[in-house]
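Trainee: model this:
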Amino acid sequence: MGGRRSVEFVAGGRGEHCRGWLYEPRGKGPFPVIVMAHGLGGIKEMRLDAYAQRFCAAGYACLVFDYRHFGASDGSPRQLLDIDRQLEDWSGAIAFARGNSNLRPDQVVLWGTSFGGGHVILSAARDRTIAAAIAQCPFTDGIASLFALNWRSAVKVTALALCDVLLSLIGRAPVMVPTAGPPGSAALMTAPDALDGYLALVPDGTAFRNQVTARFGLNIVRHRPGRKAGDISCPILFCVCEADSVAPAGPTKRYARRAPKGEVRAYRAGHFDIYVGKDFEQVVADQLAFLHRHVPTKQGGARVDL
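Mentor: Numbers count the residues shown, from 1 in each chain. The predicted model follows:
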């Protein structure tokens with residue numbers, strides 16, 4: 001077979017669908033499968049295809065999906081960033097992968113980046129049958145990320161978040177905040193490299209909204225997925241950016257040490273550098289080496305037609 005095709009699966013209890021891409025290598029399956037999703041407000045077109053192509057060429061199937069309320073997936077209101085729903089989406093994706101006869105149900109790998117890296121930590125901690133996991137520049141501690149945010153931005157986002165919650169109680173349209181913005185603005189990421197780095201991941205001509213519902217701002221501090229690292233039984237690779245302006249490296253390294261089979265690779269890179277150029281090449285090489293050690297494929301390499 002080989003190549004990439006569009007797929008969908010049910011997530012949550014309301015019949016809503018997540019949509020994404022399934023990459024399958026040439027050759028005879030079943031194949032190990034890597035389930036992949038993006039970070040804060042991100043969609044699959046924002047460089048996840050680049051990673052999936054490399055993994056697929058090495059013999060791994062890849063299920064790359066959009067969270068509900070984002071990209072090609074169902075969900076209203078649009079741009080609603082709900083942590084519990086996104087974790088349901090991960091569960092739905094894992095179930096879909098395990099139900100595909102051309103994929104190995106005992107060789108499901110989780111791969112998440114940024115906010116999705118935190119979801120990988122929580123999902124792997126909950127599901128002890130996961131074969132391996134990769135958390136790239138992961139969001140591990142909301143308190144640390146809040147301190148990384150300009151205080152003016154934090155105050156503005158909190159005010160908008162409260163307004164969004166109150167208006168939602170009377171059925172009004174959501175109040176939005178930019179996902180990335182200039183320093184000091186009312187956005188979730190306001191480091192000097194955030195706006196340009198984030199938008200540089202969006203291909204030309206892609207329908208994309210740089211905003212999420214403001215109510216998410218009230219949940220950042222209490223979201224600390226790194227605390228569950230000690231519950232992960234499978235091998236997990238933490239790819240840490242030393243100059244990360246969004247998900248500080250220090251807390252992530254400390255949490256990684258709690259994982260019984262945790263491994264850490266550090267890069268002299270910022271949060272958005274790791275998706276492109278030499279940093280991308282290095283991190284993909286490290287991730288493939290990790291995969292080959294812990295979830296080897298039947299073939300040394302496979303072609304993928306896109």
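Trainee: which parts of the stretch 101-250 of the chain are helices?
Mentor: 115-126, 142-148, 151-168, 194-199, 249-256 (DSSP state H, counting those that start in this stretch).
Trainee: where among those helices is average confidence lowest?
Mentor: Ranked on mean pLDDT, the bottom entry among these is helix 142-148, at a mean of 84.
Trainee: residues in contact with that one?
Mentor: Helix 142-148 is contacted from outside by 139, 154, 191, 219-224, 245-248, 250-251, using CB atoms under 8 Å, 6 or more residues apart in numbering. Where C-beta positions appear, they are placed from N, C-alpha and C, glycine not excepted.
Trainee: change it to 6 Å
Mentor: Residues from elsewhere that reach helix 142-148 (CB atoms under 6 Å, 6 or more residues apart in numbering): Ile220, Val221, His223, Arg224, Pro248, Pro251.
Trainee: among the residues you listed, which one sits closest to Arg26?
Mentor: Checking the contacts of helix 142-148 against Arg26 by CB to CB gives His223 as the nearest, at 40.2 Å.
Trainee: report the contact partners of Ala72.
Mentor: Contacts for Ala72 (CB under 6 Å, 6+ apart) come out as Arg19, Asp66.
Trainee: what about it, which helix or strand?
Mentor: Using DSSP states H and E, Ala72 sits within no helix or strand.
Trainee: does Ser6 count as helix, strand or coil?
Mentor: The three-state label given to Ser6 by DSSP: H, G, I helix; E, B strand; the rest coil is strand.
Trainee: per-residue confidence for it?
Mentor: 98.
Trainee: what's the answer for the one 5 residues further on, then?
Mentor: Here the pLDDT value assigned to Ala11 is 97.
Trainee: and for Ala207?
Mentor: 93.
Trainee: Asn150 too?
Mentor: Asn150 is assigned a predicted lDDT (pLDDT) of 78.
Trainee: show me the contacts for Val295.
Mentor: Pro32, Gln107, Val109, Ala131, Ala132.
Trainee: I'd say the last one and Val109 touch.
Mentor: If I follow you right, that is Ala132. Yes. Ala132 lies in contact with Val109 (CB atoms under 6 Å); the separation is 4.8 Å.
Trainee: restrict stretch 238-248 to CA atoms and write it as PDB.
Mentor: The C-alpha coordinates for stretch 238-248 follow below in PDB (Å, rounded to 0.1, in the frame of the first residue of the first chain):
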ATOM      1  CA  PHE A 238      12.200  14.000  26.500                       C
ATOM      2  CA  CYS A 239      13.500  16.400  23.800                       C
ATOM      3  CA  VAL A 240      14.300  19.600  25.700                       C
ATOM      4  CA  CYS A 241      15.200  23.000  24.200                       C
ATOM      5  CA  GLU A 242      17.700  24.700  26.500                       C
ATOM      6  CA  ALA A 243      16.500  28.200  25.300                       C
ATOM      7  CA  ASP A 244      12.800  27.400  25.500                       C
ATOM      8  CA  SER A 245      10.800  30.600  26.100                       C
ATOM      9  CA  VAL A 246       7.500  28.800  26.400                       C
ATOM     10  CA  ALA A 247       8.100  25.500  28.300                       C
ATOM     11  CA  PRO A 248      11.200  26.100  30.500                       C
END
